[in-house]
Structures are given as C-alpha cells and as structure tokens.
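Asks: next comes the sequence, and after it the predicted model I'd like to discuss.
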Amino acid sequence: MKYNNKQTSNPLSFGLALTAGIGVIVMILALGIGVLQGETADSHVIGFTLVAGFTLLVVGFIGWMVVMRPFEHFDDINVPKDTGGHGEHAIVPHDSDSHAIESAHH
C-alpha cells in the first residue's frame, strides 16, 4: 500500500494560506455564535473575536502577497500558451486527412 507523503513546495505560503483561512473560520464562528445567542450574546467578546479573525485574514493575505508576488507572475490571456499547434501533446491528435464528423450520406 502506497502513501502520498508529499510535502508542500513552499511551507511559508502554505502557512500564510492557513492563517488567512483560520481567520475566515473564526469570523464565521463569531457571527454564528452571535446569531444563535441573540440578545444574550456578549457583544464585546463577539466583536473581539470578529476583529481577531479579520486580523488573521489580513495578516495571511498580505503575507501571502509579499511572499508569492502574484502581481509579478500572472497569466496573460492575450498571449497563447500553445504556440506549437496541435502536435503529439494534444489530447486528441489532429490528422489533416481525417475529419471529426463524417457524413453518412455522400
């Protein structure tokens, strides 16, 4: 039996993504607890938890932006990636002599 123990290629970016994700989860939990408790909810605790979650989200996002620099490495949709045409790397190789749909009535 094989196990996939592959580690993430960049642990720092993974940790920052986890930080931002935990921030979102904390904010959702704070809002959910506030809704469920209604009038009996302690607004200071819920407000603090909401701000703490938002802080985690911002720290994770800004840290990810600094580490990964997505603004420098982006995919330009105006530049085609496939510059060599349809060759042996195509899913269905194109043969110039054959047609995808042939008419049964000639």
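Replies: Received it, and whenever you're ready, just let me know what you need.
Asks: elements contacting the host helix or strand of Leu31?
Replies: If you go by DSSP states H and E, Leu31 is part of helix 11-37. Helix 11-37 sits against helix 43-68, with contacts defined as 3 or more Cβ pairs under 8 Å, 6 or more residues apart in numbering; DSSP states H and E. Using the backbone N, CA and C atoms, a C-beta is placed for each residue, glycine as well.
Asks: in the helix it packs on, which residues are buried?
Replies: Neighbour counts over helix 43-68 (16 or more other Cβ atoms under 10 Å) mark 46, 49-50, 53, 56-57, 60, 63-64 as buried.
Asks: including distance to Pro11, could the residues you listed go into JSON lines?
Replies: Formatted as JSON lines, the buried residues of helix 43-68 follow (distance: Cβ to Cβ, whole Å):
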{"residue": "Ile46", "distance to Pro11": "33"}
{"residue": "Thr49", "distance to Pro11": "27"}
{"residue": "Leu50", "distance to Pro11": "29"}
{"residue": "Gly53", "distance to Pro11": "23"}
{"residue": "Leu56", "distance to Pro11": "18"}
{"residue": "Leu57", "distance to Pro11": "20"}
{"residue": "Gly60", "distance to Pro11": "14"}
{"residue": "Gly63", "distance to Pro11": "13"}
{"residue": "Trp64", "distance to Pro11": "13"}
